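Student: Return atomic coordinates for the entry below.
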Amino acid sequence: MLLLPPVRALSRREWSGVEKIPETGGCIVVLNHVSHLDPIMTGDLLWSRGRLPRYLAKKALFTTPVVGAFLRNARQIPVERLSTHAADAYSAAVAAVEAGELLAVYPEGTLTRDPDLWPMRGKSGAARIALATRAPVIPVGHWGAHTTLPPYSAVPRLWPRGRIAMKVGDPVDLADLYDREPTREVVDEATDRIMAAVVAIVEELRQAEAPPERYDPHRSGVKEIGNPTKQKRTRRKKDRA
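Tutor: Have a look, this model is predicted:
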C-alpha cells in the first residue's frame, strides 16, 4: 500500500472492465508482463475490488528492490523455476484458490523477451491450476508500465508521467476441458486460450496487431532467467577481450 502514492504520482491510470473481477471466491487473474512495476499496478487494480491478490511469481522478483519487499510482505508464492521446488508452488497456488483466494499469475513466467514487448508464449502453470480448481480465469491486458519503469531498470522515469492502461476481459472458457485428462495436449490448449485472451486485450490497448506467432525465447536462443540486456553486454565484452 505504501508504494501506491509514489507510483500513482509517476503515472496516469486508465482502467476498464474492473467490474468483471469477482468480489469473492477463488479465481485466477492472468496478465501480460512488461515491467517490474506490474505487480504493484495489478495490486492497485485488484484492491479496488476489495481483493488481496496472491501472486505466483518467479523467486528472483522477491530479491529485487521495492517490488521484492511488496511481494514478501503480502504472502506471495515464489516459483523456483527449473527446480524440484516448482511443484511446491503449484500445490500452494491450488490450495490458495480452493480456499477462496484470488491468484494473480503472469503466464509468460518472466518479463516478455519479445523485442516489441508483445506477450510471448505462455507457460502451463496458470492452465494447470485452472483445470485442477475449475476456478474462473480472468484475463487482464495492460500497457504502459514500461514507460514509467523500463524492463530490468530499478530507476523510474520521473517525467513525463506515463499512461498505464489496464483492461479486464471476460472469463476464459475452459469448461469443455474440465472433464478430460490433463494431458499435454489439453494443458497446451488451455494455455493457448489463456494467452489468446490476454493478447487480444493488449492488441486493443495498443491499437495494433500482435505477431501471428507468439515469441518463443527457446527457439530464438534467448535465456529466460536473468537480464538479457546485461547478458548481451557481457557477451560483447568477452568478444572484445
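Student: only C-alpha atoms for contact and neighbour calcs from this point on.
Tutor: Fine.
Student: Now do the residue nearest to Leu174 when sequence neighbours are not counted: how many residues are near it, please.
Tutor: The spatially closest residue to Leu174, leaving aside those adjacent along the chain, is Ala190, at 6.6 Å (CA to CA, 6 or more residues apart in numbering). By other CA atoms under 10 Å, 26 other residues sit near Ala190.
Student: sec struct for Ala190, please.
Tutor: helix (DSSP: H, G, I helix; E, B strand; the rest coil).
Student: Find the residue ranges of the chain scoring beneath the pLDDT cut-off.
Tutor: Within the chain, the segments meeting pLDDT under 70 span 1-11, 57, 61, 65-67, 70-71, 73-75, 81-85, 154-160, 225-241.
Student: one more time with 80, if that's ok
Tutor: Counting by pLDDT under 80, the chain contains low-confidence ranges at 1-12, 56-76, 78-86, 148, 150, 152-162, 224-241.
Student: would you put the C-alpha positions of stretch 185-202 in CSV?
Tutor: Extracted C-alpha coordinates of stretch 185-202, given in CSV (Å, rounded to 0.1, in the frame of the first residue of the first chain):
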residue,chain,number,x,y,z
GLU,A,185,-2.5,-31.6,-25.4
VAL,A,186,-5.3,-30.5,-23.1
VAL,A,187,-3.0,-28.3,-21.0
ASP,A,188,-1.5,-26.7,-24.1
GLU,A,189,-5.0,-25.9,-25.4
ALA,A,190,-5.9,-24.3,-22.1
THR,A,191,-2.7,-22.3,-22.1
ASP,A,192,-3.2,-21.1,-25.7
ARG,A,193,-6.8,-19.9,-24.8
ILE,A,194,-5.5,-18.0,-21.8
MET,A,195,-2.7,-16.3,-23.8
ALA,A,196,-5.0,-15.6,-26.7
ALA,A,197,-7.4,-13.8,-24.4
VAL,A,198,-4.6,-11.7,-22.9
VAL,A,199,-3.1,-10.9,-26.3
ALA,A,200,-6.5,-9.7,-27.6
ILE,A,201,-6.8,-7.2,-24.8
VAL,A,202,-3.2,-5.9,-25.3
